[in-house]
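J.: Here is the input, now give the coordinates:
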Amino acid sequence: MKGISREILISPNPKQQAFFESTARYTAYGGARGGGKSWAMRMKLVLLALGYDGIQILLLRRTLGELRENHLFPLLSLLDGVARYASTEKEFRFPNGSRIRLGYCDTENDVLQFQGQAYEVIGLEEATHFTEGQFSALTESNRYSGQMQVPFRPRMYFTCNPGGVGHDWVKRLFVDRCYRTGERAEDYLMIKSLVFDNTFLMERDPEYVRTLMALPEARRKAMLYGDWNAFEGAFFPEFDPEIHTCMDFEVPVDWIRFRGLDYGLDMTACLWFAVSREGTVYVYRELYEKDLILSEAGRRILSVSPEEGSIRYTAASPDLWNRRQDSGKSGFDLLHTAGVSRLVKANNARIPGWRVIREYLRRREDGTPKLVIFRSCKNLIRTLPLLRFDTNVIEDAADTPHEITHAPEALRYGLMSRMPKPVPKAVPFRSGLYTFDKPPAEEGYGQFIAY
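T.: Purely as a prediction, here's the structure:
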């Protein structure tokens, strides 16, 4: 091609060659560790950029760090003398008018930056790290850009392993091949690649196979053999939006009300709870905002809580009681100063807390749920079914991607605050020849309690 000062020589293995040749509307490649996925994705997009004048290409990873390490640095080396890198726009510009733009979607709404734009080709690296909502939003940008002079069918390419927040939608489309209205089987192609197919890696690092062999059984099946059934699916399969959500209504004034708060600078998640006369817990309001310092978070909580005087308490993460070195004040102090009173330390035991949520999601004998969420609480409804099992800790939920964990954490804090406290045991008090359940009051002793 005119303007290129050097050649790029490649030697793909047969699976990578099949990936390069695919023109399917949606092509997924991989399914296990060590299959040469990232290299295949990079080279596929570079070949398209070189082969089609004016083609517009978008390459995405979930986080900026992954994007830099897996693609930006390798592409800077690969395309030196071939394409110019515009750092402000994070894109490689080719002499023939083609463009490869790099991006990431750390949070659910990061896909909105691509709305209204058009790319003939979109590549999702580690597609199972993206939610189905993000994937669906990106399909709207996968269309003819108007920059090409020859016909080209827009398409998307994916690399993926089992597990992750997007495990279910990738498995449904490319492995189980279970399609909904509007989806066509002929549009989806899966090219399964294992470490054994990657001759480059097998020759240079044969010990890597032993590393995969040493993984726990479920993870070994997934990462070595590409078994999509090895990982369990949703962490809360009990959650059913048809059962556990309802239209908003006016909460009766005599219902008990409280809050659960999970705070982080990256996200403030606060949930409002109300308990009906029958004992059903309703989540009737949520605050879900990022980049709030504690004082701002406190003011935002109050601004959306007109019934503040009726809130009995707010169960918040215990780390808010730690004093900060810069100010000497704790998060509790800052929230209290902002006007959020009656803060209590939440029980932040993870596995017991998840069990409590699971109990609330179970239906009573009459079929009614113990937990109901107002449909206006969109982020809790969105993130709760996205939680996945931690692959290393039995019964725990994975803490990545972090963006989806905040609302479930706040739910856990709130529901754990409803659990009955352990009954303290009285320590026998011995005095001379007599033993008392507690010291005699006239002697001025306080009761001995073991917690």
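J.: Contact partners for the residue nearest to Tyr208 when sequence neighbours are not counted?
T.: Nearest residue to Tyr208, sequence neighbours excluded (Cβ to Cβ, 6 or more residues apart in numbering): Gly34, at 5.9 Å. Where C-beta positions appear, they are placed from N, C-alpha and C, glycine not excepted. Counting by Cβ atoms under 8 Å, 6 or more residues apart in numbering, Gly34 touches 194-195, 198, 201, 208-209, 212.
J.: Next up, identify which helix or strand Gly35 is on.
T.: Counting by DSSP states H and E, no helix or strand carries Gly35.
J.: count of residues packed around it?
T.: Per other Cβ atoms under 10 Å, the neighbour tally for Gly35 reads 26.
J.: Repeat that for Gln134.
T.: 23.
J.: correct me, but it touches Asn109?
T.: No - with contact defined as Cβ atoms under 8 Å, Gln134 does not count as touching Asn109 (9.2 Å).
J.: Remind me what the host helix or strand of Gln17 packs against, helices and strands.
T.: Under the criterion of DSSP H and E, Gln17 resides in helix 14-21. Applying 3 or more Cβ pairs under 8 Å, 6 or more residues apart in numbering; DSSP states H and E, we find helix 14-21 packed against strand 26-30, helix 37-51, strand 188-192.
J.: Can you add mean neighbour count and give the ones you listed back as TSV?
T.: Below are those laid out as TSV (neighbours: other Cβ atoms under 10 Å):
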stretch	mean neighbour count
strand 26-30	25
helix 37-51	21
strand 188-192	20
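J.: could you dump the ones you listed to CSV with mean pLDDT?
T.: Below are these laid out as CSV (pLDDT from 0 to 100):
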stretch, mean pLDDT
strand 26-30, 94
helix 37-51, 92
strand 188-192, 94
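J.: Any chance of TSV for those, columns distance to Phe130?
T.: Converted to TSV, these look like this (distance: least, Cβ to Cβ, whole Å):
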stretch	distance to Phe130
strand 26-30	12
helix 37-51	14
strand 188-192	16
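J.: wait, which of the ones you listed is closest to Ser330?
T.: helix 37-51 (43.7 Å; Cβ to Cβ).
J.: Return the residues in contact with the nearest residue to Met148 once chain neighbours are set aside.
T.: Spatial nearest neighbour of Met148, chain neighbours left out: Gly54 (4.5 Å); criterion: Cβ to Cβ, 6+ apart. Listed by Cβ under 8 Å, 6+ apart, the contact set of Gly54 reads 96-98, 145, 147-149.
J.: residues in contact with the residue nearest the centre of the chain?
T.: Residue closest to the average C-alpha location in the chain (Cα atoms, centre = their mean): Pro401, at 3.2 Å. By Cβ under 8 Å, 6+ apart, Pro401 lies in contact with 62, 106, 129, 165.
J.: what are the ranges of the helices in the stretch 101-250 of the chain?
T.: 132-139, 167-170, 199-204, 207-213, 217-225, 241-244 (DSSP state H, counting those that start in this stretch).
J.: Dump these into CSV; add mean pLDDT as well.
T.: Putting those into CSV (pLDDT from 0 to 100) gives the following:
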stretch, mean pLDDT
helix 132-139, 93
helix 167-170, 88
helix 199-204, 73
helix 207-213, 78
helix 217-225, 76
helix 241-244, 90
